[in-house]
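Q: Predicted model follows, preceded by the sequence.
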There are 2 protein chains.
Amino acid sequence: MTEVIRSAEALREKVAGWKRAGALVGVVPTMGALHDGHLSLAREARKQSDRVIVTIFVNPMQFNNPEDLKKYPRDEAHDLALLEADGVDVLFAPGPEEVYPDGFASKVTVSGVSEPMEGAFRPGHFDGVATVVTKLFGMTQAGRAFFGEKDWQQVQVVQRLVRDLNIPTRIIPCPTIREDDGLAMSSRNVRLTAAERAVAPALHREMQAAAAAIRGGTAPDAALGAAREAILAAGFASVEYLDLRDAETLQTATSLDRPARLLAAAALGEVRLIDNIAV
Amino acid sequence: MTEVIRSAEALREKVAGWKRAGALVGVVPTMGALHDGHLSLAREARKQSDRVIVTIFVNPMQFNNPEDLKKYPRDEAHDLALLEADGVDVLFAPGPEEVYPDGFASKVTVSGVSEPMEGAFRPGHFDGVATVVTKLFGMTQAGRAFFGEKDWQQVQVVQRLVRDLNIPTRIIPCPTIREDDGLAMSSRNVRLTAAERAVAPALHREMQAAAAAIRGGTAPDAALGAAREAILAAGFASVEYLDLRDAETLQTATSLDRPARLLAAAALGEVRLIDNIAV
C-alpha cells in the first residue's frame, strides 16, 4: 500500500518515525508520467534502502519554457498504480504552493557543470533543479537518492551540489532504460506522433555510430559532424548540441584520456529529446 | 573536555554516533574571537540540546572587504579555553580549504530580506552567510541553531533560508548581550582605540532616544534624522544606515502597527559597528 502524502509537514512526521526505527530512507525524485526508467530507479531504491519515497513534482522553477511546462504529461492515478505494484512506501506529491509558498525567496545555484548544454539551452533550468533537489532532500531526509543517467548533466550537477553543500544524501546514478529500438525512455516520448516515434531512434543510433568512430580513431569533430548530418537527415528538426565531454567535469573533451561522454539534445517536431552514452 | 574537530568527515562520524544515541544536537555558528555574546548562545544551546557544537570559521565568502577579512580578530586558543569552561562538546574549526575545496561551485542566495541595509552596503555578504550556514547545518546535522539578535538581519535571512529550503534545523534567536554602557558586544570592538571605545556607546544611546521619540509620537523621519546628527556629533565618521523597519520582512516601516525594529550601521575610525533594538 503506497501512502500518498502532499504536505512537507506530514512527510516530516512519517520520516521521523522511520528514522527513530533506524530505517535508511531512499528517494526517487521524479516529475511523474512514470515509465520503466523511473520504475528501475524505484526498484534500485527498494534494494538499497529500508523505506522508499517516490516524489512527483512538476517543478515550475526548472522549466524555462512555459509551453513545455503546460504540456508536460501528468497522470497521477496511473503513476500511483505503478508505484503500488512496486511496493513503494510513500508517494510524495506536493502542489506548487506547498513547495513554493508565498514569500519564498531562496535559490541554489551550481556553476561550472551546469553551464554548457542544457544550461545554455534552458536558462535557469539547473537553478530550478538544484533548488528543488535541495528542498526534496531536506523534506525527505533521504540517505540515498536515485537518479537516471538519462539526465547525465543533471546527475553531475546534483553530485556537485550535495558535495558542495554537505547534504548528507548519497547520489546513486542508475543506467538509462531504453526501448527495444534504442530510444531512451522519457516522459516526453508520449508527445511524439507515430511518424516522429519511428524517427526518434535515429538519435541514439547515430550517437552510437559516432562513439564507435571516435573510439576507432576518427577525429571527434569529423565524427560529430557526420552524426549531426545523419540525425537531421533522419527527420529531426534541429540538433541543439552533440558534444563529446569529460564525463564528470563536462568540459569539452578532445581525447579519450579520461572517461568521456557523448551528449545530445535534438528537436523532433515539437518535442525536445536528450540522450547520452559512454564513449 | 571540548574536542576540536577540523574535518567535515570526522564531524559527521561524531554526530552520527550522537544521533544513534538519540541526542538532539545544537550548534552555535561563530567566527571566533568569542565574547560573552557568543557564550550566552553556547549556554542557551546547552539548555536546549543534548550535545553542543560551536563552530569557528572566518568565512571568506561573506567578507566583501578583504581588509576586514584580514583584520578580523582570531585567537583560537583563548576561544577554546572559554568553550571548555562552558562545557561545549565540540569545537568545529575547519580551514577554508575544508569548507571550500577545489572545484567548489555552489551558492545559496536569499532575496528580499537580504537586500537592504547590510545587503546593500556589503554586496555578496548574505550569499556568503546563506551558503556557509547551509553547509554548517549539513555538516553538523543540528536540530537547533543559536544566533544572536545583534545580527538581526542575518537572523531573518537564516530563518527565511531554512524555511525555504526545508532544512530541518530550528533557528533560536537569542538577545543581544551588551557592555554596561550599552555597547553591543562584537568581536570587532577589540579593534576600537580607547578614544573610540569611549565614543562607541553613543550609537546605542541615540538609537534608544530615537525609539523612545517614535514610540512617543515623533515622526520616524524626524527622530531618525536627529539621531543620525547626534551619532555623528558624538564622533562617528559616518552613519551607513539608521532605519525603522518591519521586524520580520525588513521593509521600511512608517508606523508601529506591526513589530518594528530600529537598525543601524555606523563607522567609528576604521571599525564598522552595527546595532538594532525593538521600537
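A: Happy to help now that I have it.

Q: how about the residues of the stretch 151-279 of chain A that lie near chain B?
A: Residues of the stretch 151-279 of chain A that fall close to chain B, judged by C-beta under 8 Å from any C-beta of the partner chain: A:160-161, A:164-168. C-betas here are computed from N, CA, C, even on glycine.

Q: Return a PyMOL selection command for the buried portion of these.
A: Only the buried entries of these go into this PyMOL selection, using 16 or more other C-beta atoms under 10 Å in any protein chain shown:
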select buried, chain A and resi 160+161+164+165+166+167
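
Q: what about the stretch 1-150 of chain A, any weak spots by pLDDT?
A: For the stretch 1-150 of chain A, applying pLDDT under 70 flags no range at all.

Q: I'd like to know which of the residues of the stretch 151-279 of chain A next to chain B are part of helices.
A: Those of those mapping onto helices are A:160-161, A:164, per DSSP state H.

Q: got CSV for those, with pLDDT too?
A: Output for those, formatted as CSV (pLDDT from 0 to 100):
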residue, pLDDT
A:160, 98
A:161, 98
A:164, 98
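
Q: out of these, which one sits closest to chain B?
A: residue A:164 (3.6 Å; C-beta to the nearest C-beta).

Q: wait, what's in contact with the residue nearest to that closest one when sequence neighbours are not counted?
A: Of all residues not flanking residue A:164 in the chain, residue B:106 sits nearest, at 3.6 Å (C-beta to C-beta, 6 or more residues apart in numbering or on different chains). Each residue near residue B:106 by C-beta atoms under 8 Å, 6 or more residues apart in numbering or on different chains is listed here: A:108-111, A:130, A:160-161, A:164-165, B:131.

Q: Let's have those residues in TSV, adding distance to residue B:276.
A: Shown next, in TSV, are those (distance: C-beta to C-beta, whole Å):
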residue	distance to residue B:276
A:108	28
A:109	30
A:110	34
A:111	34
A:130	32
A:160	37
A:161	34
A:164	32
A:165	29
B:131	23
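
Q: What segments of chain A are helices?
A: Listed in chain order, the helices of chain A (DSSP H) span A:8-20, A:36-48, A:66-71, A:76-85, A:96-99, A:118-121, A:125-140, A:152-164, A:194-199, A:202-215, A:220-234.

Q: Among those helices, which comes closest to residue B:198?
A: helix A:152-164 (45.3 Å; C-beta to C-beta).

Q: Could you tell me how far that closest one lies from the centre of the chain?
A: Centroid displacement of helix A:152-164 relative to its chain, using C-alpha atoms, centre = their mean, to the nearest Å, is 11 Å.

Q: Check what contacts it and list those residues.
A: Under C-beta under 8 Å, 6+ apart, the answer for helix A:152-164 is A:108, A:110, A:112-114, A:117-119, A:126, A:129-130, A:133-134, A:137, A:145, A:147-149, A:167, A:169-171, A:173, A:247-248, A:250, A:261, A:263, A:276, B:103-106, B:135.

Q: What is the burial count for the closest residue to residue A:227 other than its chain neighbours?
A: In space, and not counting its chain neighbours, residue A:227 is closest to residue A:210: 3.9 Å by C-beta to C-beta, 6+ apart. Neighbour count of residue A:210, defined by other C-beta atoms under 10 Å in any protein chain shown: 27.

Q: before we move on, what about residue A:195?
A: Using other C-beta under 10 Å, the number of residues around residue A:195 comes to 11.

Q: Look up how far chain B lies from it.
A: Separation of residue A:195 from chain B (C-beta to the nearest C-beta, to the nearest Å) stands at 42 Å.

Q: Quick check, central residue of chain A?
A: residue A:151 (3.9 Å; C-alpha atoms, centre = their mean).

Q: Excluding sequence neighbours, find me the nearest residue to it.
A: According to C-beta to C-beta, 6+ apart, the nearest residue to residue A:151 is residue A:274 (7.4 Å).

Q: between the residues of the stretch 151-279 of chain A next to chain B, which is nearest residue A:24?
A: Nearest member of those to residue A:24, counting by C-beta to C-beta, is residue A:168, at 11.6 Å.

Q: if I look at that closest one, how far off is residue A:145?
A: 11 Å (C-beta to C-beta, to the nearest Å).

Q: Same check on residue A:178?
A: Distance, residue A:178 to residue A:145, by C-beta to C-beta: 22 Å.

Q: Comparing those two, which residue is more hemmed in?
A: Using other C-beta under 10 Å as the criterion, residue A:178 and residue A:145 rank with residue A:145 on top: 27 against 16.

Q: Thanks again, I'm all set now.
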